[in-house]
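> sequence plus the predicted model coming up.
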Amino acid sequence: MNSRVIPPSELIINPDGSVFHLHLLPEQLTDRIILVGDPGRVDMVAEFFDERTFEVSSREFHTIGGTYKGKPIMCLSHGIGPDNIDIVMTELDALANVDFATREVKKNHRTLTLVRIGTSGALQPDLIVGTPVIASYSIGFDGVLNYYVGRNEVSDLDYEKEFCRFVGWNPLWASPYVVASDRELVERIGRDDMVRGHTISAVGFYGPQGREVRLALANPDLNRLIEAFRYNGEPVTNYEMESAPLQGLALLLGHKAMTVCSIIANRVNNNATPNYKTAVRDLVATVLDRI
């Protein structure tokens, strides 16, 4: 990226030198980052660390830094939803690639490795609760990537076109985008014990994922159509809310990112388990060993 001076209104730096929302200092940033949604889950991840070197909390953004088997690492919570990922990715990249003293983009790019560990609902009947699913492809229903130059260059446009045609995409909704996770990272983290999936990042938990409580749905057949859809013979596997903007922004910014979710509900079979914490803890241990 070309070097330029970023105005204070575009990148707010706190009086203590930390970035606006995350309240992290550039010197606290590590190259390896675990992302989780729940601020409380950060403490669970940090229980695996050899030592803790710092802890910062601001709103839903909770960070603990330390080492794991001698490697510097940090765990950061992003809260719920794709809009939070826009904040987290932009500010992490700024910590890595902007000189906070001069506000200039650094000439030498620093690449971050980010793995989001989450929970998800399955859209295929054969996906068993507790299964870890990697978002090899993410389908963003949120529209975040559509606000950035280069969106088409990092997206699978044929996939998008076929998906919209098949499900009869409502033109009132944001145009979906389809982005891949980092292939090397997927092979390193996933190996042979995780499912490679096509994951939807929804813009909400209820109506946007086909849940009907008191409000009727604009397209009550959407989940049925998504379940039936295939691209190159592969199905859409699961719903969550953050993988697509994470992977899309990482591609645009030059970072390595992927999402892996433990299935805690099957939307087709209508079953779910609230006792998912053991599976998530085991998944955390696996990712920490491989990141």
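Noted; the coordinates are in hand.

> where are the low-confidence patches of this protein?
For the chain, the stretches with pLDDT under 70 are 1-3, 272-275.

> quick check, central residue of it?
residue 243 (3.3 Å; Cα atoms, centre = their mean).

> ok, the nearest residue to it once chain neighbours are set aside - contacts?
Excluding its sequence neighbours, the residue lying closest to residue 243 (Cβ to Cβ, 6 or more residues apart in numbering) is residue 259, at 3.7 Å. All C-beta spots, glycine's among them, are computed from the backbone N, C-alpha and C. For residue 259, the contacting residues are 115-118, 134-135, 138, 181, 199, 240, 242-243, 246-247, by Cβ atoms under 8 Å, 6 or more residues apart in numbering.

> where do the strands sit along the stretch 101-250 of the chain?
Per DSSP state E, counting those that start in this stretch, the stretch 101-250 of the chain carries strands over the ranges 104-105, 113-122, 132-140, 177-180, 195-201, 230-231, 234-235, 238-240.

> and residue 165, which of those is closest to it?
With distances scored as Cβ to Cβ, the stretch of the strands of the stretch 101-250 of the chain nearest to residue 165 is strand 230-231 (11.3 Å).

> mind checking how far the closest one is from the chain centre?
22 Å (Cα atoms, centre = their mean, to the nearest Å).

> and it, what does it pack against?
If you count contacts as 3 or more Cβ pairs under 8 Å, 6 or more residues apart in numbering; DSSP states H and E, strand 230-231 packs onto helix 157-167.

> what angle separates the helix it packs on from strand 195-201?
70 degrees (axes from the mean of the first three to the mean of the last three Cα atoms, to 10 degrees).

> give me the contact list for helix 157-167.
Residues outside helix 157-167 that contact it (Cβ under 8 Å, 6+ apart): 137, 139, 169, 175-178, 222, 225-226, 228-229, 231.

> now for residue 37, how many residues are close by?
20 (other Cβ atoms under 10 Å).

> now swap in residue 111 and tell me
Residue crowding around residue 111 was assessed by other Cβ under 10 Å; the count is 12.

> the one 3 residues further on too?
Applying other Cβ under 10 Å, we find 25 other residues in the vicinity of residue 114.

> residue 32 versus that one, what's the distance?
The gap separating residue 114 from residue 32 is 8 Å, by Cβ to Cβ, to the nearest Å.

> just residue 54 next, same as before
For residue 54, the distance to residue 32 - Cβ to Cβ - is 15 Å.

> the two: which is more packed in?
residue 32 (17 against 13).
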